[in-house]
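Asker: Here you go, sequence then predicted model.
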Amino acid sequence: MELEESTFRTRIERSVIKFVYGKVSAVQRLTDDVSYTLLKKGKKYIITTSRGEESKDNLEKLIAVMDEPMISPKISDNTGDYKVEKLDAKIEKLREEPNELISIVTEAKYPISGIINITKSTVTLTTSNGFKGTDIRNSVDGYFRAFNGEFTGQWAFASSRYSESEVKESVENACEFASITRKVDVGDGVYDLVLSPLVFANLMNNLAQMSSGLSIMMGESMFSKFKPGDKIASEKFTFSDSPREDRPNSIDFDMEATFTRNKKIINSGVFETPLLNNEIAEIMGTKSTGNAGWISPTPWTLEVDGGKVSKDSLLSGNVIFFNNNWYTRFQNYVEGNFSTVGRDAVVVYKNGNIEGVAGRLRIADSLLNVIRNIEELSKDRYSVKWWDSPIPVLSPYVLVSKVKVSKA
């Protein structure tokens, strides 16, 4: 039995601009270059992050004495050279000279703390089956927290095409939320909520991880209770992994040399497909979705379909608007029970008018209930990425009814 070998290499060249209270605290130029090598004989395998030629025999001997695993990576039969390069010239220029971005942030209405990443990524995959893929892209993303005394606001953005207006809008959104200074008290109860793209992106990162076939097999997912074709959410909710769009974190092939494709995880409320690599797809009696992960299928770049109304119409009733959140924790993955704490302007609306900002409030409910109780989504969507939503998400504002809220 021949030894199979695949090498997956990522080279990330990044300019990082850090802001602290309205001033630049650091400008860093970083390069992270990592190679992962898979050696496989039969179902037995080893994954290393670096390997010299002289160690190959030793690793093969180690594989020989290993127990056979239940799940093993399965490389696709694709062969030949494949290359895609999608570089935005403005982003490449900013990576070398970011003063334009710095000015937008330092000239904001309120002092801003946050970070901007300007990134060029080069991904290569070679397999012993004869596939050699190269995927080169760039992107810019950032998040901004505005300070107005004790009041704060935050916004984020992520794009594969630089837009000065998008960055300005992100800074202005953060400042607008920080400008709301009237305080109101909100007690424990069940409320209608409007979740911003930042909050919904955080929840969708968790939902996407749960949709991984490995998470489902291990019983660490609320999808474990369902099968494709089951209605599990509001018919207004469609949730997709879209690596074939030109967005941050998009890619044309996965770690098993399977070409990626756009797919709906949940389509109009119906569970359509988990995220799969070759091995788990075979176990489930279907085909890979192009989301390998040699071990666990992984999402690439996510989106939620928009609705037909404006953000303002979502806020026209009696609702609590969560602009940002952190400390999202799951108490039960199968049931989807979680809690998350609002921050940076939790705004209370009465008859469409701003009553003020509440203190620290916690959403304590089920993610399943959240997606089932979606009443409406805004037509405008925002691509966001930040430290609590590391997978980019294109998301609308979302109105969710009857959500449990408590004081944090």
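Answerer: Arrived safely.
Asker: Does the host helix or strand of Leu59 pack against any helices or strands, and if so which?
Answerer: Element membership for Leu59, per DSSP states H and E: helix 56-65. Contacts defined by 3 or more CB pairs under 8 Å, 6 or more residues apart in numbering; DSSP states H and E place helix 56-65 against strand 23-41, strand 44-48. All C-beta spots, glycine's among them, are computed from the backbone N, C-alpha and C.
Asker: and the longest one, how far out from the chain's middle?
Answerer: Read that as strand 23-41. 19 Å (CA atoms, centre = their mean, to the nearest Å).
Asker: Could you check it and say which residues are buried?
Answerer: For strand 23-41, burial by neighbour count (16 or more other CB atoms under 10 Å) applies to 36-41.
Asker: next one: stretch 95-115
Answerer: So, applying 16+ other CB under 10 Å, buried residues of stretch 95-115: 95, 98, 101-102, 104-105, 108, 110-115.
Asker: Closest one of the buried residues of strand 23-41 to Glu2?
Answerer: Closest approach between the buried residues of strand 23-41 and Glu2, by CB to CB: Lys41, at 7.7 Å.
Asker: ok, that closest one - contacts?
Answerer: Neighbour list for Lys41: 1-4, 60, 63-64 [criterion: CB atoms under 8 Å, 6 or more residues apart in numbering].
Asker: Now which of these would you call buried?
Answerer: 4, 63.
Asker: Redo the contacts of Lys41 as CSV? Include pLDDT and distance to Asn205.
Answerer: Listed next are these as CSV, based on pLDDT from 0 to 100; distance: CB to CB, whole Å:
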residue, pLDDT, distance to Asn205
Met1, 71, 40
Glu2, 84, 39
Leu3, 89, 37
Glu4, 92, 32
Glu60, 81, 38
Ile63, 84, 35
Ala64, 83, 40
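Asker: among the contacts of Lys41, which two are most distant?
Answerer: Top of the distance list for these (CB to CB): Glu4 and Ala64, 14.3 Å.
Asker: which of the contacts of Lys41 lies closest to Met255?
Answerer: Glu4 (13.3 Å).
Asker: does the closest one have beta-bridge partners, and which?
Answerer: Lys40 (DSSP bridges).
Asker: same deal with the one 4 residues further on?
Answerer: Each beta-bridge partner of Phe8 is listed here: Tyr36, Leu125, as defined by DSSP bridges.
Asker: So which residues of this protein form helices?
Answerer: 56-65, 89-96, 99-106, 164-178, 197-210, 213-217, 278-283, 311-314, 367-372 (DSSP state H).
Asker: so which of those helices is the most packed in?
Answerer: helix 197-210 (a mean of 24; mean count of other CB atoms under 10 Å).
Asker: and the angle from that helix to helix 164-178?
Answerer: 100 degrees (axes from the mean of the first three to the mean of the last three CA atoms, to 10 degrees).
Asker: check contacts around Met66.
Answerer: Per CB under 8 Å, 6+ apart, neighbours of Met66: 44, 46.
Asker: no wait, Pro111
Answerer: By CB under 8 Å, 6+ apart, the neighbours of Pro111 are 21-22, 146-147.
Asker: Show residues contacting the helix or strand of the chain with the lowest mean pLDDT.
Answerer: Lowest mean confidence among the helices and strands of the chain (mean pLDDT, DSSP states H and E): helix 56-65, at a mean of 79. Applying CB under 8 Å, 6+ apart, the external contacts of helix 56-65 come out as 3, 39-41, 44-46, 48, 51.
Asker: Would you reformat the residues you listed as TSV and include distance to Glu335?
Answerer: TSV is the format used below for those (distance: CB to CB, whole Å):
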residue	distance to Glu335
Leu3	44
Leu39	39
Lys40	37
Lys41	41
Lys44	36
Tyr45	34
Ile46	36
Thr48	38
Arg51	42
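Asker: Which members of those are the farthest-apart pair?
Answerer: Lys44 and Arg51 (16.4 Å).
Asker: Straight-line length of stretch 321-340, end to end?
Answerer: In stretch 321-340, first residue to last residue: 14 Å (CA to CA, to the nearest Å).
Asker: buried set for stretch 246-266?
Answerer: Quick answer for stretch 246-266 (16+ other CB under 10 Å): 247-260, 262-266.
Asker: cool, and stretch 130-139?
Answerer: 131, 133-135, 137-139.
Asker: so which of the residues you listed would you say is closest to Lys90?
Answerer: Set against Lys90, the nearest of the buried residues of stretch 130-139 by CB to CB is Asn138 (9.6 Å).
Asker: so Arg11 touches Thr31, yeah?
Answerer: Yes - at 7.2 Å, Arg11 and Thr31 qualify as touching, with contact defined as CB atoms under 8 Å.
Asker: if I look at Glu13, how far off is Asp141?
Answerer: 15 Å (CB to CB, to the nearest Å).
Asker: more neighbours, these two?
Answerer: Asp141 (22 against 16; other CB atoms under 10 Å).
Asker: mind listing what that one touches?
Answerer: Per CB under 8 Å, 6+ apart, neighbours of Asp141: 116-117, 119, 156-159, 248, 385-386, 392.
Asker: what separates it from Glu5, distance-wise?
Answerer: Taken as CB to CB, the span from Asp141 to Glu5 is 34 Å.
Asker: And Ile102, by the same measure?
Answerer: For Ile102, the distance to Glu5 - CB to CB - is 45 Å.
Asker: What ranges does the stretch 251-400 of the chain have for its strands?
Answerer: 263-267, 270-271, 302-304, 319-332, 337-350, 353-357, 361-366, 374-386, 389-407 (DSSP state E, counting those that start in this stretch).
Asker: which parts of the longest one are buried?
Answerer: Using 16+ other CB under 10 Å as the burial criterion, the residues of strand 389-407 that qualify are 389, 391-401, 403-405.
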